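[1] Predicted model, plus sequence, below.
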Amino acid sequence: MERFGLVGLPNAGKSSLYNALTNGAALAAPYPFATKDPNIGVAKVLDPRLEALAEMSKTQRTVYATVEVVDIGGLVEGASKGEGLGNKFLANIREVDAIVFVLRAFVDDDIPGPSDPLEHLRVVEIELALADLETVETRINRAQKAARMDKSLGDEMGALERAQSHLAEGRPLYRAGLSKDDLELLAPHFLLTTRQVLAVVNVAEDALDTIPEMEARVRAELAPPGSASEHNIEVLGMSVQLEAEAAQLTGQDRIDMLEALGLGEGALPRMIRSAYHLLGLRTYFTTGEKETRAWTFNAGAKAPECAGKIHSDLQRGFIRADVIAWDELLEIGSWNKAKDVGKIRVEGKDYEVVDGDVLEIRHNS
């Protein structure tokens, strides 16, 4: 299961966001380092397509896609040199697939720390870049010695040196414009700033109208138009406190609260879906009276690999996939009706599954 790490300065709202996403019970206290060991929980990827298919099929059981969320202890200036939780904090980040920056954008005299999200962003990025710089410099020293004996390491040396030049300027690698080849060469080094990034800007409960402005400020810094990071970094504003309160409600009560605040479905489902897509994850569905389920696959995967998400036997014995787009199926009203009118396509082993496909796998037992 893919992991998203919540990263930020103390008192930015990480633990409250974790609790809202996972229905967890992490300590959310107004002092630094309330979280010393990472909290790990599971968040559902809420998907209205899944819910609509389940309603159509009058299914007995609905199963959402899920991701792991890791609440990592607060980072402070000097973490790369051992300040605060230091190396323990950085080691926890190395174990996640994508980073969610939680940036505080509210004033509270009872909570220490800066209230400017750009100051939070500056500290976090500098510390991660410095930690990566130390790693890269160590790797370069080793690679230089090895390259004298093995000339094939020249490409890796070049990638490390290009990474070093960016990191030395405090620029994280996710917005350094490195080539795909360089990123592949750097992958074995498990650098912190090659991960995908989503930024959550946490505003006060009474400052929802400032969200567009705060998002724009952070986006201009993280992913300005025309930059290398414009299309691979997302910024989302919310009041974590309000979202956490809404998450404690269920059914119509939650819907009523969010509608009363003008929040629509709420920011949490959008955040999870954004993080999910940043990692190149996509969803296909299976539906029937017993169960309607969302299955996670990597963009570009072919039908047998997607069948293997259900069970490895389905991948080994794959014959074909019967396929229809989720919205087309909904419009027709049922799988059997879609089959009767010839709308179910038959696809073979070379078919690349599309996000939102509904599949029925045919296989040898």
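    Right, received. Where do you want to start?

[2] you'd agree residue 155 is up against residue 186?
    No: contact status for residue 155 versus residue 186: not in contact, 11.0 Å apart, counting by Cβ atoms under 8 Å. In short, each C-beta sits where N, CA and C put it, glycine included.

[3] And those two? Which one has more around it.
    Higher neighbour count among residue 155 and residue 186: residue 186, with 22 against 12, using other Cβ atoms under 10 Å.

[4] Figure out the helix or strand that that one lives in.
    helix 180-186 (DSSP states H and E).

[5] Does anything pack onto the following helix or strand past that helix? Which helices or strands?
    Along the chain past helix 180-186, the next helix or strand (assigned with DSSP H and E) turns out to be strand 196-203. Using 3 or more Cβ pairs under 8 Å, 6 or more residues apart in numbering; DSSP states H and E as the contact definition, the elements that strand 196-203 packs against are strand 98-105, helix 117-149, helix 211-222, strand 233-238, helix 267-278.

[6] 7 Å - rerun?
    The contact analysis (3 or more Cβ pairs under 7 Å, 6 or more residues apart in numbering; DSSP states H and E) places strand 196-203 against strand 98-105, helix 211-222, strand 233-238, helix 267-278.

[7] Now render the ones you listed as TSV, adding mean neighbour count and mean pLDDT.
    Formatted as TSV, these follow (neighbours: other Cβ atoms under 10 Å; pLDDT from 0 to 100):
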stretch	mean neighbour count	mean pLDDT
strand 98-105	26	94
helix 211-222	18	94
strand 233-238	22	92
helix 267-278	20	87
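
[8] Quick one: closest of these to residue 66.
    Comparing the helices and strands packed on strand 196-203 against residue 66 with Cβ to Cβ, the closest turns out to be helix 267-278 (9.4 Å).

[9] Can you check what angle separates that closest one from strand 196-203?
    Relative orientation of helix 267-278 versus strand 196-203 (axes from the mean of the first three to the mean of the last three Cα atoms, to 10 degrees): 160 degrees.

[10] Alpha carbons only: can I get the helix or strand following helix 267-278 in CSV?
    With elements assigned by DSSP H and E, the helix or strand that comes after helix 267-278 is strand 281-286. Taking C-alpha atoms only, strand 281-286 is exported to CSV below (Å, rounded to 0.1, in the frame of the first residue of the first chain):
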residue,chain,number,x,y,z
LEU,A,281,-2.1,5.7,-9.2
ARG,A,282,-5.3,5.0,-11.0
THR,A,283,-8.5,3.1,-10.3
TYR,A,284,-10.6,0.5,-12.0
PHE,A,285,-13.8,-1.0,-10.7
THR,A,286,-15.6,-4.4,-10.4
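
[11] could you check the angle strand 98-105 makes with strand 281-286?
    110 degrees.

[12] after strand 281-286, next one along is what?
    Proceeding N to C from strand 281-286, the next assigned helix or strand is strand 292-298, under DSSP H and E.

[13] who does that next one touch, helix- and strand-wise?
    For strand 292-298, where contacts count as 3+ Cβ pairs under 7 Å, 6+ apart, the packed elements are helix 48-57, strand 62-63, strand 281-286, helix 303-310.

[14] mind showing which ranges of the stretch 51-200 of the chain have poor pLDDT?
    Regions of the stretch 51-200 of the chain meeting the criterion pLDDT under 70 cover residues 76-89, 147-152.

[15] tell me the contacts of the closest residue to residue 215 other than its chain neighbours?
    Setting aside the residues directly before and after it, residue 215 is nearest to residue 237 in space (Cβ to Cβ, 6 or more residues apart in numbering), at 4.5 Å. When the contact criterion is Cβ atoms under 7 Å, 6 or more residues apart in numbering, the partners of residue 237 are 201, 203, 211, 214, 215.

[16] now with 8 Å?
    Residues touching residue 237, when contacts are defined by Cβ atoms under 8 Å, 6 or more residues apart in numbering, comprise 105, 200, 201, 203, 210, 211, 212, 214, 215, 267.

[17] cool, and residue 95?
    By Cβ under 8 Å, 6+ apart, the residues touching residue 95 are 3, 5, 70.

[18] one more time with 10 Å, if that's ok
    Contact analysis of residue 95 by Cβ atoms under 10 Å, 6 or more residues apart in numbering lists 3, 5, 38, 40, 70, 72, 190.

[19] ok, residue 160 touching residue 146?
    No: counting by Cβ atoms under 10 Å, residue 160 sits too far from residue 146 to count as a contact (11.7 Å).
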